[in-house]
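> quick check, what structure comes out for this input:
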Amino acid sequence: MDKRIVIKIGSQVLCDLEGALNRTVLSNLVEQIVDLHRAGWQVLLVSSGAVAAGSGLAGDQLRRISDPVARKQVLAATGQVRLMETYRELFQRRDMTIAQVLATKSDFQTRRHYLNMRGCIEALLSAGIVPVINENDVVAVTELMFTDNDELAGLLAGMVNAELLCLLSTVPGVYDGDPENAGTRCIERWDEDRYKVDDIVSRGASALGRGGMHNKLSVARKVARLGTEVVIADGTDPGVMAKILDNRATGTRFPVTGNTSPAKKWLASADGHATGAITVNEGAAEALLDRNRLASLLPVGIVAVDGYFDRGDVVRILDVQGNVLACGQAGYDHEEAARLIGQRGQRPLVHYDYLYLMD
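Residues are numbered from 1 along each chain as shown. You can find the predicted model right below:
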């Protein structure tokens, strides 16, 4: 299998404050992706910028739309066309084909949807086509929206078992303090034992995007734990991808700190749409959290079943204080789970192979 890389490009990299696409930056990024492809990499491009690009198109027509949600949908619908046409033109000049993939969080909600989406992306990559992926802002509603495209890129990195995830924005990386203060520097290599997230990151968001550095850092740490190296770097640097692949100093690098199975990578993305909750006793909680054991969730350790779920749905697993310990794929529905509470000698409600522990 070819090496795989997911590259996420933020709105501020692609557009100016008026929404105009920066063709110089776009052209350079396309050239870098073409070079990666020729070097044997399969590339997934996660591109923001549809809403921002739409703001440069709709003009006076937007005055007819008073509802802010509808305005954003119109901006996304018009801007996505403009964005994709620009990508198509630039890649076609280098004899490469792209495909548009629009995603919502519901595409990650069930194992079936997840595998269908993965199958489509795998087919595109096998054909040498570059998937250009964005959140489907036209139909997304609040409860089914990604935090931002950084989150979407992280989910895709796990889905396709990418070796590398690059989150490109207009900042050089993660700073070890307030960037406005003298002596503050960009962290070249993240160390969980050395750095504390809340001590060094503000929650501010960019003018064009939903996400901020706090979100990028959260995604990067999680994806590194799942088995993919991550780099946060400046996407306006014309040589950024070469520097990253040559291990030259650029941005902030998050080395791989763990690995997990494809099923658990899906579960790592599924907590947000769990359909039920299972409360376990202290002994079961201790067994599940012991990383030296391969413990499944058995009915004997369950003290309560909440919500309605079917076999195959995602459920949260809580301790008696209400803390979320894990999420997993239910082996049977809520009625059977409730009937078996506290019983010994029963098959697992959640098998270890389909259990993901929260960090």
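> where in the stretch 101-250 of the chain is pLDDT low?
137-145, 198-211 (pLDDT under 70).
> now do the strands in it.
All strands of the stretch 101-250 of the chain, identified by DSSP state E, counting those that start in this stretch, fall at 130-135, 164-169, 229-234.
> okay, the angle between the last one and strand 164-169?
Which is strand 229-234. Using axes from the mean of the first three to the mean of the last three CA atoms, to 10 degrees, the direction of strand 229-234 lies 20 degrees away from that of strand 164-169.
> strand 229-234 pairs with which strands, parallel or anti?
Each strand that pairs with strand 229-234, with its direction, by DSSP bridges: strand 164-169 (parallel), strand 252-254 (antiparallel).
> and the strands of the stretch 101-250 of the chain, which is most packed in?
strand 164-169 (a mean of 26; mean count of other CB atoms under 10 Å). Quick note: C-beta positions are derived from backbone N, CA and C, even for glycine.
> residues touching that strand, excluding its own?
Strand 164-169 is touched from outside by 3-10, 12-13, 29, 150, 153-154, 157, 206, 216, 219-220, 223, 228-235, 240-241, 244-245, with contacts defined as CB atoms under 8 Å, 6 or more residues apart in numbering.
> and what of stretch 149-160?
Contacts with stretch 149-160, where a contact means CB under 8 Å, 6+ apart, come from 4, 6-8, 10, 44, 46-48, 103, 108, 114, 117-118, 121-122, 125, 133-135, 146, 162, 165, 167, 209, 211, 215-216, 219-220, 222-223, 226-228, 230, 265-266, 268-269.
> how about stretch 294-310?
The set of residues external to stretch 294-310 that reach it, using CB under 8 Å, 6+ apart, is 275-281, 283-285, 287-288, 315, 317, 320, 328, 330, 333-334, 337-338, 340-344, 346, 348-352, 355.
> can we see that at 6 Å?
Around stretch 294-310, the neighbours that count as contacts under CB atoms under 6 Å, 6 or more residues apart in numbering are 275-281, 284, 287-288, 315, 330, 333-334, 337-338, 340-341, 343-344, 346, 348-352.
> which ones among those map onto helices?
284, 287-288, 334, 337-338 (DSSP state H).
> torsion angles phi and psi at Arg291?
Recorded main-chain torsions at Arg291 are phi -70, psi 0, according to degrees, to the nearest 10.
> that one and Gly345, how far apart?
When CB to CB, to the nearest Å is the yardstick, Arg291 and Gly345 sit 26 Å from each other.
> how near is Arg339 to Ala52?
Using CB to CB, we find Arg339 at a distance of 53 Å from Ala52.
> which of the two has more neighbours?
A direct count of neighbours by other CB atoms under 10 Å for Arg339 and Ala52 places Ala52 higher, at 26 against 12.
> ok, the more buried one touching Ser11?
Yes: taking CB atoms under 6 Å as the contact criterion, Ala52 and Ser11 are neighbours in contact, 4.8 Å apart.
> if we can go back for a sec, right, and the strands of the stretch 101-250 of the chain - which one's nearest Ala77?
Minimum separation from Ala77 across the strands of the stretch 101-250 of the chain (CB to CB) falls at strand 130-135, 11.9 Å.
> ok, that closest one: who's next to it in the sheet?
Paired with strand 130-135 in the same sheet, following DSSP bridges, are strand 41-47 (parallel), strand 98-103 (parallel).
> next SSE after the longest one?
Taking DSSP states H and E as the definition, the helix or strand that follows strand 41-47 towards the C-terminus is helix 50-54.
> next, Glu188: phi, psi?
In this entry, Glu188 is assigned phi and psi values of phi -80, psi -40 (degrees, to the nearest 10).
> now do the contacts for it.
The neighbourhood of Glu188, defined by CB under 6 Å, 6+ apart, consists of Ala249.
> tell me how many other residues crowd Pro262.
Neighbour count of Pro262, defined by other CB under 10 Å: 14.
> actually Glu336, sorry about that
The tally of other residues near Glu336 (other CB under 10 Å) stands at 16.
> state the pLDDT value of the nearest residue to Thr110 once chain neighbours are set aside.
Leaving out its chain neighbours, the residue that sits closest to Thr110 by CB to CB, 6 or more residues apart in numbering is Gly312, at 7.2 Å. Confidence at Gly312, expressed as pLDDT, is 87.
> how much space separates Gly312 from Thr104?
20 Å.
> of those two, who's got more company?
Residue environment comparison for Gly312 versus Thr104 gives the larger neighbour count to Thr104, 19 against 14, counting by other CB under 10 Å.
> for that one, give me the backbone phi and psi.
The phi/psi pair for Thr104 (degrees, to the nearest 10) reads phi -130, psi 170.
> my guess is it meets Asn136, correct?
Yes: with contact taken as CB under 6 Å, Thr104 and Asn136 are classed as touching, separated by 5.1 Å.
> how about Val171, phi and psi?
Phi and psi for Val171, reported as degrees, to the nearest 10, are phi -110, psi 150.
> ok, it - how many residues close by?
As a burial measure, Val171 scores 21 neighbours (other CB under 10 Å).
> can you tell me the closest non-neighbouring residue to it?
Nearest non-adjacent residue to Val171, counting by CB to CB, 6+ apart: Asp234, 6.4 Å away.
> of the ones in helices among the contacts of stretch 294-310, closest to Ile65?
Distance ranking of these against Ile65, using CB to CB, places His334 first at 42.6 Å.
> number of nearby residues for that closest one?
22.
> residues in contact with it?
With contacts defined as CB under 6 Å, 6+ apart, His334 is in contact with 276, 305, 308-309.
> filter those down to the ones in strands?
Counting by DSSP state E, the part of these found in strands is 276, 305.
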